[in-house]
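> Got a predicted structure here, sequence first:
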Amino acid sequence: MINFTCSSEPVLIAAGKATLAGVLELPPNPSGMIVCPQESGSRRLWPRNNYLANELRRAGLATLSLDLLGMNEDGGEKHRSDIALLGTRLAAAADWLAAEPETKKLALGLFGSGSDAAAALQLAASLADRIAAVVSRGGRPDLAGPDALARVRAPTLLIVGEENRALIEFNRQALDQLSCEKDLALIRGATYLFEEHRIQQEVARLAARWFKGYFGNSKMAS
């Protein structure tokens, strides 16, 4: 990890009829770009999400922290469970990054939790040539569906709390259906929330290592 001055810019991204609010943060000479959806309904102030994004930047990765709910939408179950809608909005973010001069050539990774992880994997399946790696933390990757999971080519890391037995099973089902490079990491002592600082550190370490290992020095095509 290194110390650096990171540029930070609030952004608005059009996604159909919705406008998504986010924060784009760029360390010097980033080795890649990570889209970090904030858990639907939590807005952009969820502490563990902010911690993860900060640690990714300390590892030399740019981040787009993005609220997948539109600015005029509430956090109702209708939006949280609509994986197709979330995937469409992640795609809008990927398109926006591909058009921005500072980010268009950076290798692109997706980080997701909960149903956002399923949306990330569906997007990876449909944009196989543009998504370089995926990390799911406490997610439901199985909800992406077997057809989408079978088409994912981006190396995928599934991170689950060791104490969450039901979620482990869902993730193992998804792992079996993935045909890309893949791994399942169980975090000792963690439940669904990943609240302890030690656990947050371990998640950030695993995610940064996974992304950087598959990004290398590669840039995405213009």
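That came in fine, so what should we check first? Numbers count the residues shown, from 1 in each chain.
> C-alpha only now, for contacts and for neighbours.
Fine.
> can you pull the contacts of the closest residue in space to residue 146 that isn't next to it in sequence?
Spatially, and ignoring its direct neighbours in sequence, residue 146 is nearest to residue 177 (6.0 Å; C-alpha to C-alpha, 6 or more residues apart in numbering). Shown in contact with residue 177 (C-alpha atoms under 8 Å, 6 or more residues apart in numbering): 146, 149-150.
> Just the buried ones from the residues you listed, in ChimeraX syntax?
Buried residues within the contacts of residue 177, by 16 or more other C-alpha atoms under 10 Å, are selected in ChimeraX with:
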select :149,150
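> What is the burial count for residue 6?
15 (other C-alpha atoms under 10 Å).
> hang on, isn't it packed against residue 27?
Yes - using C-alpha atoms under 8 Å, residue 6 makes contact with residue 27 at a distance of 4.5 Å.
> which residues do these two both contact?
What both residue 6 and residue 27 touch, as defined by C-alpha under 8 Å, 6+ apart, is the set residue 57.
> Helices of this structure, start to end?
47-58, 77-80, 83-99, 115-126, 146-151, 165-177, 197-215 (DSSP state H).
> Pick the most deeply packed of the ones you listed.
Comparing the helices of the chain by mean neighbour count (mean count of other C-alpha atoms under 10 Å), helix 115-126 ranks first with a mean of 27.
> and that helix, C-alpha only, in PDB?
The C-alpha coordinates for helix 115-126 follow below in PDB (Å, rounded to 0.1, in the frame of the first residue of the first chain):
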ATOM      1  CA  SER A 115     -28.200  -8.700  -5.400                       C
ATOM      2  CA  ASP A 116     -25.700  -6.300  -6.900                       C
ATOM      3  CA  ALA A 117     -23.300  -9.200  -7.300                       C
ATOM      4  CA  ALA A 118     -25.800 -11.000  -9.500                       C
ATOM      5  CA  ALA A 119     -26.200  -7.900 -11.600                       C
ATOM      6  CA  ALA A 120     -22.400  -7.600 -11.900                       C
ATOM      7  CA  LEU A 121     -22.100 -11.200 -13.100                       C
ATOM      8  CA  GLN A 122     -24.900 -10.800 -15.600                       C
ATOM      9  CA  LEU A 123     -23.100  -7.700 -17.000                       C
ATOM     10  CA  ALA A 124     -19.800  -9.700 -17.100                       C
ATOM     11  CA  ALA A 125     -21.600 -12.300 -19.100                       C
ATOM     12  CA  SER A 126     -23.000  -9.800 -21.700                       C
END
